[in-house]
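In: model the structure of this input:
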Amino acid sequence: MAPVDSGLFDRLERFYDALPRPWSRSEEIGSLTLFIREGEGWPYYARPRVGSHTPSAADITATRQRQRELGLPETFEWVHETTPDLLAVARSAGLAVLLAPLLTLDPAALVPDLPVRGATIRYLDPAAASFAADLRASRAVARLGFGAPAYRSSLETVEKTLVIDGAGPVERDAAAPLSDEAVQQARDMFDSGDYLTAVVESSTEGILTTATSQRVGEVAEIVGVATLPSARRRGYASQLTATLAGRLLASGTDLIFLSAGDDDVARLYTKVGFRRVGTACIAEPEAVAL
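Out: Okay, the predicted model is just below:
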């Protein structure tokens with residue numbers, strides 16, 4: 001794990017608290033802040049209130065009840081190094097916690113902005129006539145990519161192999177159109193200058209990989225990096241991430257970070273210039289066996 005400067009986690013906490021505020025309202029429940037998105041879009045999370053003590057199991061239970069009342073997913077996010085005691089509390093309150101590697105960019109190690117094989121990289125333009133269709137395709141790629149595990153474990157060995165079969169352009173293009181409200185909200189977010197979506201696009205297969213950056217001041221997070229399962233093993237995701245990171249650096253961002261789904265995915269990011277600094281915790285209710 002890379003050495004961590006003392007102010008890094010404070011900057012991340014301020015980022016996580018500030019990012020949803022222009023697009024949501026918030027409610028304080030004990031030591032937790034619940035962000036509630038205004039309008040359509042991906043729902044936000046509950047997380048520890050900045051400067052407060054570790055949330056209690058009662059805080060989590062009350063927040064989950066409020067999320068159910070509002071029809072929101074019962075999701076919680078925090079950085080383990082900032083609130084280490086919350087892991088045990090969350091588990092005792094009935095939450096399953098994903099421990100996701102947290103990585104920051106080492107600008108000196110960022111790989112060059114190289115072309116991608118058989119495709120090109122471009123940024124979605126909210127002013128373009130094709131924006132609604134591009135956004136729909138990009139979100140479909142993310143949904144399909146995250147819905148199909150990238151690696152398959154062998155029962156006979158501890159090795160994992162990359163999964164490249166599965167959904168492709170046909171499934172992507174079958175996605176339902178986005179509502180006018182969803183498209184307009186995305187336009188507003190892009191127009192703010194704090195959001196960018198980059199895609200890898202083939203002239204014959206369309207959009208195959210997507211990645212989005214979300215920025216507050218000089219801090220930016222890269223999220224939603226996904227590739228259609230049929231287009232894996234082409235190096236698209238890692239190069240797209242590097243290209244997006246390079247653009248963020250050029251625009252004055254001095255802290256760029258991301259969370260990986262597991263150690264296998266994290267290793268892909270370390271190859272393009274990211275270094276692990278901690279663990280992002282993402283919690284939701286434990287699945288109930290039927």
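
In: only C-alpha atoms from now on, for both contacts and neighbour counts.
Out: Will do.

In: CA atoms of stretch 193-207 as PDB?
Out: What follows is stretch 193-207, C-alpha atoms only, in PDB (Å, rounded to 0.1, in the frame of the first residue of the first chain):
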ATOM      1  CA  GLY A 193     -18.200  21.400 -15.500                       C
ATOM      2  CA  ASP A 194     -17.800  19.000 -12.700                       C
ATOM      3  CA  TYR A 195     -18.900  15.800 -14.500                       C
ATOM      4  CA  LEU A 196     -17.400  14.100 -17.600                       C
ATOM      5  CA  THR A 197     -18.200  10.800 -19.200                       C
ATOM      6  CA  ALA A 198     -15.600   9.300 -21.600                       C
ATOM      7  CA  VAL A 199     -16.300   6.300 -23.800                       C
ATOM      8  CA  VAL A 200     -14.500   3.900 -26.000                       C
ATOM      9  CA  GLU A 201     -16.400   3.600 -29.300                       C
ATOM     10  CA  SER A 202     -16.000   1.300 -32.300                       C
ATOM     11  CA  SER A 203     -17.200   2.300 -35.700                       C
ATOM     12  CA  THR A 204     -18.800  -1.200 -36.100                       C
ATOM     13  CA  GLU A 205     -19.800  -2.000 -32.500                       C
ATOM     14  CA  GLY A 206     -20.700   1.400 -31.000                       C
ATOM     15  CA  ILE A 207     -19.900   2.300 -27.400                       C
END
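
In: pLDDT wise, what is Ile282 at?
Out: Each residue has a pLDDT score; the one for Ile282 is 97.

In: buried stuff in the helix or strand hosting it?
Out: Taking DSSP states H and E as the criterion, Ile282 maps to strand 274-285. For strand 274-285, the neighbour count (16 or more other Cα atoms under 10 Å) marks 274-285 as buried.

In: so which elements touch that strand?
Out: strand 76-79, strand 95-105, helix 263-270 (3 or more Cα pairs under 8 Å, 6 or more residues apart in numbering; DSSP states H and E).

In: what average pLDDT does the last one get?
Out: Mean per-residue pLDDT for helix 263-270: 95.

In: who does it touch, helix- and strand-wise?
Out: strand 95-105, strand 274-285.

In: and Val223, which of the ones you listed is closest to it?
Out: Set against Val223 and scored by Cα to Cα, the helices and strands packed on helix 263-270 come closest in strand 95-105, at 11.8 Å.

In: any buried residues in the following helix or strand past the closest one, and which?
Out: Note on strand 95-105: by DSSP H and E, the next helix or strand toward the C-terminus is strand 120-123. Of the residues in strand 120-123, 121-122 count as buried by neighbour count, 16+ other Cα under 10 Å.

In: distance from strand 120-123 to the middle of the chain?
Out: In terms of Cα atoms, centre = their mean, to the nearest Å, the centre of strand 120-123 is found 19 Å from the chain centre.

In: which elements pack onto it?
Out: strand 195-202.

In: nearest to Gly51, out of the helices and strands packed on strand 274-285?
Out: Using Cα to Cα, the helices and strands packed on strand 274-285 put strand 76-79 closest to Gly51, at 13.1 Å.

In: so what touches that closest one?
Out: Residues from elsewhere that reach strand 76-79 (Cα atoms under 8 Å, 6 or more residues apart in numbering): 9, 45-48, 278-284.

In: distance of Pro129 relative to Leu268?
Out: You called it Pro, but residue 129 is Ala. 34 Å (Cα to Cα, to the nearest Å).

In: show me what the strand holding Ile282 is in contact with.
Out: Under Cα under 8 Å, 6+ apart, the answer for strand 274-285 is 1-4, 74-81, 87, 90, 94-106, 109-110, 257, 259, 266, 269-270.

In: give me the buried subset of those.
Out: Buried residues within those, counting neighbours by 16+ other Cα under 10 Å: 74-80, 87, 90, 94-97, 99-106, 110, 257, 259, 266, 269-270.

In: cheers, nothing more for now.
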